[in-house]
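>>> coordinates only, sequence not included:
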């Protein structure tokens, strides 16, 4: 497998959180008078089949879907350098 195994954030040593993104919708009913109800039901529309990762300590480190993968061994592999936050002075 290519890549660097990461167990912690390389910037601050915090935990890395991997998020699998799913798509949901809020479905509102239209009442008889034409007004949209405030109540809604949440419908699961399925997986978006994409994952992102970031530092749980919010230091700004993150990995997009092309920057990492989870190997067959269940470990987090960084494919290329992580993206650093843009600092504006």
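Happy to help now that I have it. Quick caveat, the model's predicted, so the values are computed rather than measured.
>>> and the nearest residue to residue 31 once chain neighbours are set aside, how many neighbours does it have?
The shortest distance from residue 31 to any non-neighbouring residue, by Cβ to Cβ, 6 or more residues apart in numbering, is to residue 37 (5.8 Å). All C-beta spots, glycine's among them, are computed from the backbone N, C-alpha and C. Residues near residue 37, counting by other Cβ atoms under 10 Å, number 10.
>>> Residue 17 now?
Residue 17 has 13 neighbouring residues, counting by other Cβ under 10 Å.
>>> swap in residue 6?
17.
>>> my guess is it meets residue 78, correct?
Yes - assessed by Cβ atoms under 8 Å, residue 6 is found in contact with residue 78 at 5.1 Å.
>>> Pull up the overlap in contacts between those two.
residue 68 (Cβ atoms under 8 Å, 6 or more residues apart in numbering).
>>> got the residue ranges for the helices in this protein?
For the chain, no helices turn up when DSSP state H is the criterion.
>>> Strands of that one, start to end?
Counting by DSSP state E, the chain has these strands, from start to end: 4-5, 16-30, 36-55, 62-63, 68-70, 76-78.
>>> Just list what the first one packs against, helices and strands only.
It refers to strand 4-5. strand 76-78 (3 or more Cβ pairs under 8 Å, 6 or more residues apart in numbering; DSSP states H and E).
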